[in-house]
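1. Model the following, please.
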Amino acid sequence: MHLLVMGKSAYSRVIDKTPVPITIAGHTAQFMRPLISYALARGMAVSYAYPLRPSGCLMLDPRDAVPDGVVEVPFNDLSAQKAPLHIGWLSVEASLRQAVERQGGIDRVFLPYAFPLAPLLAALKEKYGYRLALFLRGGDGYQWPDPRWVAETLGDAGHAQQVCGLYKESPAAADFVGVASKWLGDVVAGHGVRRHAVVESPAAMWLGAGPEPSWDKARFSVDPGVVRRLGDLDVSKKWVLSAGRIHPDKHLDLAADIFASAGLDGWQLVLSGVGTGLDGLATGSLAELVAKGSACVLEVPPRIVHALFQVSDAYLQTSLPSGRPSSTHARRR
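-> Prediction:
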């Protein structure tokens, strides 16, 4: 069986002297990497299509690598944020056709997120004879069936119904539609989108070569994949972790305010994520905490993101939609 996984750049590597960074270290990367490893372990022929020149939410991990045996078929002209409206359809189809030529056909295509590639892959099913598995994992993917959200996003209420109709044709044409949670399934069902099963994002895990090392704060802090954006890790303190894309909608400022008001001596706030939205966040409580060594902002790659959870002492969640303050949750070990 030949499986094609089409998605974001979930591995960091260099191709023909060109650095190819990880697009994002979140749910999509954590979903794609175990999926590819699983398919290889079952003896499948695996092709992997991804944007060769992504932009936004980027990081490089010098110890990362694509698993042996995977046929890489990157497409070339994705030039905007993680959900571009103007992706080059011809380049994507050329990538798909290259996979067909190198592997002798395609049996299954897995798209770990829906927007923006789902309409194209659904339209090409009959042409290339594959079955399509489509996954709705949150983010923009589950909002495109909502005409009101589309009208606000595009600024064009006149086309919202047509855009929603086109988008909803993709899950209707897919052979399998998975959703990340029952709640998300109920949301899209309210807009007329069917789903077959709840497929949660797997827990982050070790996917490096060889046996996993024993993690502690000192080992984690010196790993070359960890990039400091603000401040530095203090291994002598207990860590309160708040993780997510570095973006205003993750409420990192709220995490800093909560931590500062708690007055926790001997603790450090560790804000972990990937993104380009840090400029407007390094103010107020966060700036004061960083200056005192009581907070830092890191980028942590998919290869070892699970280790950060292992070595942290508490977790602070501030990225839920209602933000302030009822959606704030804390977990302490």
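
2. contacts and neighbour counts: CA atoms only from here.
-> Noted.

3. any idea how far residue 315 is from residue 68?
-> 35 Å (CA to CA, to the nearest Å).

4. Looking at the two, which is more packed in?
-> Set residue 315 next to residue 68 and count neighbours by other CA atoms under 10 Å: residue 315 wins out with 19 against 8.

5. in its sheet, what does the helix or strand that the more buried one is a member of sit against?
-> According to DSSP states H and E, residue 315 maps onto strand 314-317. Neighbouring strands of strand 314-317 in its sheet, by DSSP bridges, are strand 238-243 (parallel), strand 329-332 (antiparallel).

6. If you average pLDDT over each of those strands, which is lowest?
-> Averaging pLDDT over each of those singles out strand 329-332 as the lowest, with a mean of 45.

7. Count residues in the vicinity of residue 102, would you?
-> Residue 102: 11 neighbours (other CA under 10 Å).

8. What segments of the stretch 1-150 of the chain are strands?
-> Under the criterion DSSP state E, counting those that start in this stretch, strands of the stretch 1-150 of the chain are mapped to 2-6, 13-15, 18-20, 45-49, 71-72, 108-111, 131-136.

9. what's the closest of those to residue 225?
-> Residue 225 lies closest to strand 13-15 among the strands of the stretch 1-150 of the chain, at 12.1 Å (CA to CA).

10. Who does residue 317 form a beta bridge with?
-> residue 329.

11. you'd agree it is up against residue 253?
-> No: between residue 317 and residue 253 there is no contact under CA atoms under 8 Å: 11.9 Å.

12. how near is the residue sitting furthest away from the middle of the chain to residue 293?
-> Ranking residues of the chain by C-alpha distance from their mean position (CA atoms, centre = their mean) puts residue 265 at the top, at 33.4 Å. Going from residue 265 to residue 293 by CA to CA gives 11 Å.

13. Quickly find the element holding the residue nearest to residue 61 when sequence neighbours are not counted.
-> In space, and not counting its chain neighbours, residue 61 is closest to residue 225: 4.7 Å by CA to CA, 6 or more residues apart in numbering. According to DSSP H and E, residue 225 maps onto no helix or strand at all.

14. Repeat that for residue 296.
-> Following DSSP H and E, the helix or strand that holds residue 296 is strand 295-299.

15. can you pull the buried residues of the helix or strand following that strand?
-> Next helix or strand after strand 295-299 toward the C-terminus (DSSP H and E): helix 305-311. Neighbour counts over helix 305-311 (16 or more other CA atoms under 10 Å) mark 305-309, 311 as buried.

16. go on, stretch 288-308?
-> Neighbour-count burial for stretch 288-308, counted by 16+ other CA under 10 Å, picks out 289-290, 293-308.

17. what does stretch 225-236 give?
-> Residues 225-227, 230-235 are the ones in stretch 225-236 that count as buried (16+ other CA under 10 Å).
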